[in-house]
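1. just coords:
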């Protein structure tokens, strides 16, 4: 992963980042993960915006989606070019129905604003699932606590740091740009 060699140092360097971004940076530092956080002046509120900003494939952008599963908050990590399959998520989480969480539930569960959700550290999420297709890439990009910040890391590190359970979490066929309602890239 030569693209990130020494990149942990970038997260360690003193920055005037928002508190939410510093939470992510501190978590990455403490974990020893090879990663880097980048700031984008235009912001990256959607997966499409994020892919353009970082110059990657849409499939390498991780959407961190919060679902309400019978009153429990579940985080699901899916590639930016795919839609989450709610029935698969409900089955994996052991609930009757998985609904996209509203903005208040997203904030309460994760500690981040919708569109800026990082997959760690989290406040009150009961389970985290990661779509297996993300593991096919050498590098993925995650939200890093604000719509202007993203972090790059290996998908195996994402799996480890998020403590996610790998699963098939997406609909069968990709459909153009896939946006989940109200959460943007989050």
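-> Structure received. Computed from a predicted structure; not experimentally measured. Numbering: from 1, shown residues only.

2. C-alpha from now on. contacts and neighbour counts both.
-> Noted.

3. what segments of this structure are strands?
-> All strands of the chain, identified by DSSP state E, fall at 35-39, 62-69, 72-79, 98-100, 127-131, 140-143, 149-153, 165-167.

4. show me where pLDDT drops low in this structure?
-> Applying pLDDT under 70 to the chain flags residues 1-15, 173-186.

5. what residue is smack in the middle of it?
-> residue 64 (3.5 Å; Cα atoms, centre = their mean).

6. how far away is that residue from residue 38?
-> 18 Å (Cα to Cα, to the nearest Å).

7. what are the buried residues along the longest helix belonging to the chain?
-> Determined from DSSP state H, the single longest helix within the chain is helix 19-31. Residues of helix 19-31 classed as buried: 20, 21, 22, 23, 24, 25, 27, 28, 29 (neighbour count, 16 or more other Cα atoms under 10 Å).

8. ditto for stretch 158-165
-> Neighbour-count burial for stretch 158-165, counted by 16+ other Cα under 10 Å, picks out 158, 159, 161, 162, 164, 165.

9. was I right to think residue 166 contacts residue 129?
-> Yes. If you go by Cα atoms under 8 Å, residue 166 and residue 129 touch, sitting 5.8 Å apart.

10. more neighbours, the two?
-> Using other Cα atoms under 10 Å, the more surrounded residue of residue 166 and residue 129 is residue 129, with 24 against 17.

11. with adjacent residues omitted, what lies nearest to residue 171?
-> Distances taken as Cα to Cα, 6 or more residues apart in numbering put residue 85 closest to residue 171, at 4.8 Å, once the chain neighbours are dropped.

12. residue 19 and residue 145: what is the separation?
-> 8 Å.

13. to clarify, my last question referred to residue 114.
-> Note on residue 114: its distance to residue 145, by Cα to Cα, is 10 Å.

14. got it, and residue 98?
-> 24 Å.

15. can you check residue 104 too?
-> 16 Å.

16. next, count neighbours for residue 77.
-> Neighbours of residue 77 under the rule other Cα under 10 Å: 31.

17. so it touches residue 132, yeah?
-> No. The pair residue 77 / residue 132 is not scored as a contact, 9.4 Å apart, by Cα under 8 Å.

18. much appreciated, bye for now.
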